[in-house]
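Q: Sequence below, structure please.
(one chain, ligands or ions: 2)
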Amino acid sequence: VRLLFERALLPAGVVRDVALEVGADGFISAVTAGVRGDGAPVIRGLALPGMPNLHSHAFQRAMAGLAEVAGRGERSFWGWRAVMYRLVERLAPEDVAAIAAFLYVELLEAGYTSVGEFHYLHHDIGGQPYPDPAAMALAVRRAAGEVGLRQTLLPTLYQQGNFGGAPLEGAQRRFQHDTGRFLDYVQALRARDSQLARTGVAFHSLRAVPPAALAEVTAAVRAADPVCPLHVHIAEQQREVADCVAWSGRRPVEYLLESGVVDAGWCLVHATHVSAAELAAIAAVGAVVGLCPTTEGNLGDGRFALDELLAAGGRFGIGSDSHVSVDPREELRSAEYTLRLWRERRAVALTPGATHTGAALYAAAVAGGGQALGHAHHGLASGGPADVVLIDTDRAEFCGVPDAALVDAYVFAPRPAAIDRVWVGGHEVVAGGRHRARGLVEERYRASIARLAPATAEGS
Ligand code: NGQ
Ligand code: ZN
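A: Ligands and ions are numbered 1, 2, ... in the order given. Below is the predicted model:
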């Protein structure tokens, strides 16, 4: 397939008349700029590399916006988690599949073309493995396949309630694996990988995974695949940092880095509470920081010094996590605006040498997200995935915007229906701003939510 775009965002910036050759494998085999008058129809607008969403808990889409009632339980991250666990206690695989498919349609329409699904809801409602232990994982994988979203499935290890071996409680029984069974489960999923469906591994957090299991699983995963993505929730809440210090004498990032396992295949999700030395060390090993700005804001996690990470040469990508937003632009703006309010300056989160804030944030998040999800290349370049988002620059909102400012304008100012078409692996999944399967997927979602009503009506 050959796609000829009026404009495309290439590593060099916005370039005119760009032809992408897409191989049968769904990857870009050649990019040529300045292609004119060869008879092929020109696709008007601006082609952007699709945004990777490096951190998702798909099922949480069903409660987004329904945990905003003060006065019930603890007004904290931990209180929110209690509400989330009440949803966990009710979900069957068909619910998770319906919710995930609905979310994934929303992600694609918003310009995300791949997702890291941090999957820890493994077992049945009583905490027993399903007859096929991978039933729930395969349900979220199937959802991505149905709607054409590229997915790195991250089966997640969860063994204890807190640092030092605290027992699992209530809903957490659905998350538990012993180490041997977990490795079998990962292996079973890897054996069913395909071009759009890859398997990585996650550790839920240092709270939930004891050191011996972390070391054993990391060694086994690295022996099987030296570049397999490895993700962990690392330092999201002050209480978590304090508990880690009390347990080990080390802060979470310090502890993990000293264990010697971290390499550029790692993604540290919510590296919110880090010292300057920890930030520099994350940058030095080349790991990706998984930023989820809208969820981190929603949960009151704390501020992340993205400007310091970038100044140290560090990498980041974005995730929609609990899905209080499914718009990548909102994640990027939120990361930058937190810094503007904090530093009392503008254009703060700039990669070294960059001048356009929106374009620089977008490109950095594409690169870091792609790295975290295990994509061999990123961006609209030879070898990269043919994951493309077409911006309709003929809309009135874009009139008068010069090419060099198009991505800034897209990221920073209201352009609600800017996305026209989306391709993943060379297949067009969104046309005219709407996912091809939206109607069906909505019906299944509504039916599932109707079954779950008592849990999701928490906020009423
Ligand atoms: C999660 N979510 O696993 O879904 C977590 C909350 C926890 C975020 N951290 C549960 N945003 O960390 O224990
Ligand atoms: Zn998370």
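Q: Just the C-alpha atoms of stretch 45-54, please, in PDB.
A: What follows is stretch 45-54, C-alpha atoms only, in PDB (Å, rounded to 0.1, in the frame of the first residue of the first chain):
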ATOM      1  CA  GLY A  45      -4.400  17.100   5.900                       C
ATOM      2  CA  LEU A  46      -1.500  16.300   8.300                       C
ATOM      3  CA  ALA A  47      -0.400  12.800   9.000                       C
ATOM      4  CA  LEU A  48       0.900  12.300  12.500                       C
ATOM      5  CA  PRO A  49       2.500   9.200  13.900                       C
ATOM      6  CA  GLY A  50      -0.100   7.500  16.100                       C
ATOM      7  CA  MET A  51       0.300   8.000  19.900                       C
ATOM      8  CA  PRO A  52       1.200   5.000  22.000                       C
ATOM      9  CA  ASN A  53      -0.800   4.800  25.200                       C
ATOM     10  CA  LEU A  54       1.700   3.100  27.500                       C
END
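Q: That one close to ligand 1?
A: No: using Cβ under 6 Å from any ligand atom, stretch 45-54 stays clear of ligand 1, coming no nearer than 13.0 Å. (Glycine included, C-beta is placed from N, CA and C.)
Q: Look up how far V441 lies from the closest residue to R207 other than its chain neighbours.
A: The spatially closest residue to R207, leaving aside those adjacent along the chain, is N162, at 5.2 Å (Cβ to Cβ, 6 or more residues apart in numbering). If you measure N162 against V441 using Cβ to Cβ, to the nearest Å, the figure is 37 Å.
Q: Local confidence estimate at S460?
A: pLDDT for S460: 41.
Q: my bad, Y337
A: 98.
Q: rewinding a little: tell me which of N162 and V441 has more neighbours.
A: Using other Cβ atoms under 10 Å, the more surrounded residue of N162 and V441 is V441, with 22 against 17.
Q: Tell me, how many residues neighbour the nearest residue to A437 once chain neighbours are set aside?
A: Using Cβ to Cβ, 6+ apart and skipping the chain neighbours, the partner closest in space to A437 is V147 (5.7 Å). By other Cβ under 10 Å, the residues close to V147 number 26.
Q: So V147 sits against V441, correct?
A: Yes: counting by Cβ atoms under 8 Å, V147 touches V441, with 6.6 Å between them.
Q: if I look at the two, which residues touch both of them?
A: A101, V105, H435 (Cβ atoms under 8 Å, 6 or more residues apart in numbering).
Q: Now do the contacts for the closest residue in space to Y158 that isn't next to it in sequence.
A: Once flanking residues are discounted, Y158 sits nearest to F175: 3.7 Å by Cβ to Cβ, 6+ apart. Counting by Cβ under 8 Å, 6+ apart, F175 makes contact with Y120, L121, H122, H123, T156, Y158, L168, H204, A208.
Q: Tell me the one among those residues nearest to L406.
A: T156 (37.9 Å; Cβ to Cβ).
Q: next SSE after whichever strand or helix holds that closest one?
A: Assessed by DSSP states H and E, T156 sits inside strand 150-157. Following strand 150-157 in sequence order, the next helix or strand is helix 179-190 (DSSP H and E).
Q: Alpha carbons of that next one, as CSV, please.
A: Output in CSV follows, covering the C-alpha atoms of helix 179-190 (Å, rounded to 0.1, in the frame of the first residue of the first chain):
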residue,chain,number,x,y,z
THR,A,179,5.9,-17.3,40.6
GLY,A,180,6.0,-20.6,38.7
ARG,A,181,2.4,-20.3,37.5
PHE,A,182,2.9,-16.7,36.5
LEU,A,183,5.8,-17.7,34.3
ASP,A,184,3.7,-20.4,32.6
TYR,A,185,0.9,-17.9,32.1
VAL,A,186,3.3,-15.4,30.4
GLN,A,187,4.7,-18.2,28.3
ALA,A,188,1.2,-19.2,27.2
LEU,A,189,0.4,-15.7,26.1
ARG,A,190,3.7,-15.2,24.3
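Q: which residues sit against that helix?
A: Residues from elsewhere that reach helix 179-190, judged by Cβ under 8 Å, 6+ apart: 122, 129, 133-134, 137-138, 141, 153, 155, 157, 159, 177, 199, 201, 213, 216-217, 220-221, 224-225.
Q: Any residues of this protein in contact with ligand 1? List them.
A: Contacts of the chain with ligand 1, taken as Cβ under 6 Å from any ligand atom, map to H57, R81, S205, H233, E236, T295, L299, D321, S322.
Q: isn't the first one right up against D321?
A: What that stands for is H57. Yes: here H57 reaches D321: they are 6.6 Å apart, a contact under Cβ under 8 Å.
Q: Could you check which of these two is surrounded by more residues?
A: Neighbours were tallied for H57 and for D321 using other Cβ under 10 Å; the higher tally belongs to D321 (27 against 23).
Q: What distance do you get for the more buried one to L103?
A: D321 is 11 Å from L103, by Cβ to Cβ.
Q: Find residues that contact each of the two.
A: Listed contacts common to D321 and L103 are S56; contacts here mean Cβ under 8 Å, 6+ apart.
Q: E106 - that's part of a helix, no?
A: Yes: assessed by DSSP: H, G, I helix; E, B strand; the rest coil, E106 belongs to a helix.
Q: if I pick it, what's in contact with it?
A: Residues in contact with E106 (Cβ under 8 Å, 6+ apart) are R61, V326.
Q: how about the residue in the stretch 301-450 of the chain that ligand 1 sits nearest to, what does it touch?
A: Of all residues in the stretch 301-450 of the chain, D321 sits closest to ligand 1, at 5.1 Å by Cβ to the nearest ligand atom. D321 is in contact with H55, S56, H57, Q60, V269, C292, T294, T295, E296, counting by Cβ under 8 Å, 6+ apart.
Q: Report how many residues lie close to the fifth one.
A: In other words, V269. V269 is flanked by 29 other residues according to other Cβ under 10 Å.
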